[in-house]
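Trainee: Let's see this in three dimensions:
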Amino acid sequence: MKKVKIYSPITQEQGVIAIFSSIHKELGFPKLVSPKSTKGFDIDDIEYKNGERVTVEFEYQSRNFIRHGHIEDMINNRNYVVICYEDDCNLTKLLRQDYNITNVEVIELKDYVEYEEDIQSEVKDIQYFVLSYNPKYADNKAIDEFAKTHMYGTNAPFSSNYIVPGSKILFKQDDYIVAECTVVRYEQFDIPKTENEWKLYKCLYQYPFGIFTGTNEEMEQYFAKGYVFYDNFKVFKERKISFKNTLPNRKFNNSGKINIAKEEYMKLLGN
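Mentor: Next up is the predicted model:
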């Protein structure tokens with residue numbers, strides 16, 4: 001059977017349902033039906049191999065079939081199929097030995113899945129940077145605050161005033177790597193000149209969450225020309241890695257930025 005390609009790991013039941021929907025015919029289910037149920041299972045009645053009618057339950061791990069109390073809802077003269085990503089307990093054997101239940105079949109999907117790196121991470125010219133973070137120039141905000149918003153201002157120069165989407169940025173506060181993010185895009189703005197321009201600028205900085213509350217004069221004092229729009233912002237609270245000890249020979253430029261290689265990036269993540 002041809003494997004289903006996925007670009008992020010399956011970690012919950014919804015992913016199991018998505019994979020099943022893609023290959024249901026190959027698994028022996030000719031037609032999909034609504035997963036709504038009135039009897040405690042995901043699908044009360046669906047056609048299976050050779051026209052057999054069965055009840056289906058989706059689980060991330062097969063052991064959850066027991067944990068979720070489905071045994072209590074089973075009917076003796078009914079056959080059941082548990083579709084899971086991982087059969088972590090050899091469910092059919094466990095049900096037979098501990099509960100004397102023999103009318104359950106398990107389909108494990110992990111062997112039908114092929115995981116690939118996210119397309120962005122495969123782009124050959126992905127860039128890696130470290131930016132020096134000083135709360136003094138960020139309205140005295142802790143780095144944690146940037147997990148709430150979507151934009152980071154910096155005067156650090158980037159080649160051709162451009163960052164490849166999908167590039168990675170690490171943030172260094174004092175000597176420690178304290179956060180990372182994935183670049184969505186990079187834009188540059190001239191400093192606002194009119195009241196209306198300042199209002200527009202504030203709206204940009206306050207969407208979707210406003211973390212800066214300064215006056216126009218204060219914002220002008222710390223105005224940054226370049227703005228990184230990002231997602232996947234992650235703060236390292238328990239794991240702080242020393243930049244100096246990890247890359248002892250690398251020096252930041254005057255604007256607090258350094259370009260690094262992917263291997264150096266991985267070292268700074270502790271990998």
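Trainee: Quick check: can you list the domain ranges of this structure?
Mentor: 4-115, 120-268 (automatic domain parsing).
Trainee: Among those, show the one with the smallest mean pLDDT.
Mentor: Here the lowest mean pLDDT among the domains of the chain goes to domain 120-268, at a mean of 84.
Trainee: Make JSON lines from the domains of the chain and add mean neighbour count to it.
Mentor: The C-beta positions use only the backbone N, C-alpha and C, and glycine is treated the same way. As requested, the domains of the chain are exported to JSON lines (neighbours: other C-beta atoms under 10 Å):
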{"stretch": "domain 4-115", "mean neighbour count": "15"}
{"stretch": "domain 120-268", "mean neighbour count": "15"}
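Trainee: and the residue most central in space within the chain, what is it in contact with?
Mentor: Note on the chain: the residue nearest the mean C-alpha position is N232, at 6.7 Å, using C-alpha atoms, centre = their mean. Neighbouring residues of N232 by C-beta atoms under 8 Å, 6 or more residues apart in numbering: 180-182.
Trainee: Could you single out the nearest of those residues to N196?
Mentor: Distance to N196 across those (C-beta to C-beta) is lowest for C181, with 30.4 Å.
Trainee: nearest residue to that closest one other than its sequence neighbours?
Mentor: Y230 (3.9 Å; C-beta to C-beta, 6 or more residues apart in numbering).
Trainee: so what's that neighbour bridging to?
Mentor: V183 (DSSP bridges).
Trainee: That one and N216, how far apart?
Mentor: 25 Å (C-beta to C-beta, to the nearest Å).
Trainee: Dump the C-alpha coordinates for the helix or strand containing R185 into PDB.
Mentor: Using DSSP states H and E, R185 falls within strand 176-188. Extracted in PDB, the C-alpha atoms of strand 176-188 (Å, rounded to 0.1, in the frame of the first residue of the first chain):
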ATOM      1  CA  TYR A 176      22.000  32.900  27.200                       C
ATOM      2  CA  ILE A 177      19.800  31.700  24.300                       C
ATOM      3  CA  VAL A 178      16.300  32.500  25.600                       C
ATOM      4  CA  ALA A 179      13.900  32.100  22.700                       C
ATOM      5  CA  GLU A 180      13.500  31.200  19.000                       C
ATOM      6  CA  CYS A 181      11.000  31.900  16.200                       C
ATOM      7  CA  THR A 182      10.300  31.100  12.500                       C
ATOM      8  CA  VAL A 183      10.300  34.000  10.100                       C
ATOM      9  CA  VAL A 184       7.100  34.600   8.100                       C
ATOM     10  CA  ARG A 185       8.400  37.700   6.400                       C
ATOM     11  CA  TYR A 186      10.500  40.800   6.900                       C
ATOM     12  CA  GLU A 187       9.500  44.400   6.200                       C
ATOM     13  CA  GLN A 188      11.100  47.800   6.500                       C
END
